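**Q** Take a look and give me a structure for this.
(chains A and B)
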Number of protein chains: 2
Amino acid sequence: MADEGRAAVAAVPGHVTGLFSVHRDPDPRVAGSRGAGLTLTDGVRVRVAPTDAGGAGVWLDGRPADVAPVRGVLDAFDGRAAVRIESDLPVGRGFGVSGAAALGTALAANAAFDAGRSENDLVGLAHAAEVEAGTGLGDVVAQARGRAPIRLEPGAPGHGRLDGIPVDPGRRVEYVTFDEVSTAAVVEGETDRLTRAGEAALDRLRERPTLDRLVALSRRFAREAGLLTERADAAVEAAEAAGGTAAMAMLGDTAFALGTALSDAGYDPTTCAVHPCGAGLVPDRREGERGDGDAGSESG
Amino acid sequence: MADEGRAAVAAVPGHVTGLFSVHRDPDPRVAGSRGAGLTLTDGVRVRVAPTDAGGAGVWLDGRPADVAPVRGVLDAFDGRAAVRIESDLPVGRGFGVSGAAALGTALAANAAFDAGRSENDLVGLAHAAEVEAGTGLGDVVAQARGRAPIRLEPGAPGHGRLDGIPVDPGRRVEYVTFDEVSTAAVVEGETDRLTRAGEAALDRLRERPTLDRLVALSRRFAREAGLLTERADAAVEAAEAAGGTAAMAMLGDTAFALGTALSDAGYDPTTCAVHPCGAGLVPDRREGERGDGDAGSESG
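**A** Sure, this is the predicted structure:
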């Protein structure tokens, strides 16, 4: 293994969008989405270690990976890095894994390279990289905030504007995922119907922003926007028949619900909780495991 | 004890401002401060339980207390409440306890009364109540964000604008406190010199926003603004003589430092860490202790 400098690790929550509208702009910091969703205790950890050319690269769950928004973020830092991404969540299924990888890379690279950038600057960098890669429009700003973010205005900090739905501690979330959906194919296509439905749903949510209304309005949005996949629709219907409420994660062939709505409906969902805060730096668990390298170089 | 409805509890970090400038406005949501500081893992918990007139009141660490911004917040909710505030931190010494009590009351009352307000709405309510009470100008918005907030523009959400200094996990903070300083006496007096020094320091911080620079710039700000108390000055000098950096908490006769700067200087400081996220609802620890009431009423 190539010599590595001081590493830093960031943890970023997953994010399911329940309802949204698309706002295009030539400036990737101005472009984005309005909408609302949930951040999840299941998420992504990104470890960035400065290294020489031989050790540089990006790995996702141990395998070399070309994650376009991560590349975009790294271009903004001087120096090469080994970027190791570990995800609790599958890619391309509506959990904002690409945005989380980009945001985690920005936060960890800033610390590893001692770059002295602000939080807004780092969030804006990750948002722009994500928009330019076509992998998402609103996950990054939501993941930076945590809990249940409402994107009032699209875009990076300084352009966008956020609010949030208050969240009871440890509120349980269930999800089942069936297949991938291409975010780019949807948001680069005809989005008038989607955006009309998303803006109407957001207005209704803002009248009384609670988690239960978020899921109910998201369910209606997916139908009105014409985005419901067959299997997500079946899961949403089953949750409703069992007395609960579920919705579809935008954009994945994935259904999510609060409480036990999906398990009550006979599914075997993955369970987590609403994330109590946003993305941030966390201790480097590898330090102890390796017993050399980073920890040693700090005391040296 | 009077019958109480479903209680809710919020935890709010303490906040030390290191540098600031004063921005007055007739509208308490527009008024506030620019500046920067640290949120602390030492903080305030607020439990709000709906009750009848006989059980209503505000208690601080078990004693009846008249906390003006808490009263201001409660006026915005329909119904009476028993508000029990527990604080790790002393009042009037620059830790933002009054702002934390106001914000915690807003978050917990929204949940206890099922009021369906948004996070921004609740933060704005607490900020306005704090400004109107004259107990603070920028603590509430900082405590809602967590970590090391930079107040770029003064005021409540929708008016103010925040950024943040990235924070390494578990970054240690030490503080020693000697006496109270009246926030109202300072911010309602002549503030031109203070505001000139605060805006210059904020500009320098934004060039390279790191925690170490925050403390160094705060130290210089306290001196330039003419706010350094004798004992805080002595602690700051001693920390510097011992090779560290400390600053004064605005506004209290209190010194704070990163790492071990105050203990290295021979003080016996209280230690905590930078808070990793902002204010939020937390589980109600009293439920288990009481073994009746709230938990029972939810299952009934």
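**Q** Could you list the buried residues of stretch A:224-239?
**A** A:224-225, A:227-229, A:231-233, A:235-236, A:238-239 (16 or more other C-beta atoms under 10 Å in any protein chain shown). C-beta: built from backbone N, CA, C; applies to glycine.
**Q** right, I mislabeled it, should have said stretch A:66-83
**A** Buried residues in stretch A:66-83 (16+ other C-beta under 10 Å): A:67-70, A:72-74, A:76-77, A:80-83.
**Q** Considering only the buried residues of stretch A:224-239, which also neighbour chain B?
**A** Near chain B, taking C-beta under 8 Å from any C-beta of the partner chain as the test, no member of those is found.
**Q** for stretch A:218-228, the distance to its chain's centre please.
**A** 20 Å (C-alpha atoms, centre = their mean, to the nearest Å).
**Q** any idea whether the residue of the stretch 151-300 of chain A found nearest chain B is helix, strand or coil?
**A** Nearest to chain B, among the residues of the stretch 151-300 of chain A, is A:C277, at 2.6 Å (C-beta to the nearest C-beta). Under DSSP: H, G, I helix; E, B strand; the rest coil, A:C277 falls in the coil class.
**Q** How about A:G54?
**A** Assigned by three-state DSSP, the conformation of A:G54 is helix.
**Q** Could you check how far it is from A:V9?
**A** 22 Å (C-beta to C-beta, to the nearest Å).
**Q** Which of these two has more residues huddled nearby?
**A** Neighbour count, other C-beta atoms under 10 Å in any protein chain shown: between A:G54 and A:V9, A:V9 has more, with 24 against 11.
**Q** Test of understanding: give the bridge partners of the more buried one.
**A** On the basis of DSSP bridges, A:V9 is bridged to A:R47, A:V282.
**Q** surely it meets A:R47?
**A** Yes: with contact defined as C-beta atoms under 8 Å, A:V9 reaches A:R47; the gap is 4.7 Å.
**Q** Give me the common contacts of those two.
**A** The contact sets of A:V9 and A:R47 overlap at A:108, A:284, A:286 (C-beta atoms under 8 Å, 6 or more residues apart in numbering or on different chains).
**Q** For the closest residue in space to the second one that isn't next to it in sequence, give me the pLDDT.
**A** Just to be clear, that refers to A:D284. Using C-beta to C-beta, 6 or more residues apart in numbering or on different chains and skipping the chain neighbours, the partner closest in space to A:D284 is A:V9 (4.7 Å). pLDDT recorded at A:V9 is 98.
**Q** For A:V9, which residues are in contact?
**A** A:V9 neighbours (C-beta under 8 Å, 6+ apart): A:45-48, A:108, A:281-286.
**Q** can you do 7 Å?
**A** A:45-47, A:108, A:281-282, A:284 (C-beta atoms under 7 Å, 6 or more residues apart in numbering or on different chains).
**Q** And A:F77, by the same measure?
**A** Counting by C-beta under 7 Å, 6+ apart, A:F77 has contacts A:109, A:113, A:115.
**Q** Helix, strand or coil: sort out the first one for me.
**A** Under three-state DSSP, the three-state class of A:A109 is helix.
**Q** That one - how many residues pack around it?
**A** Residues lying near A:A109 (other C-beta under 10 Å) number 27.
**Q** Equivalent analysis for the second one, please.
**A** Using other C-beta under 10 Å, the number of residues around A:F113 comes to 18.
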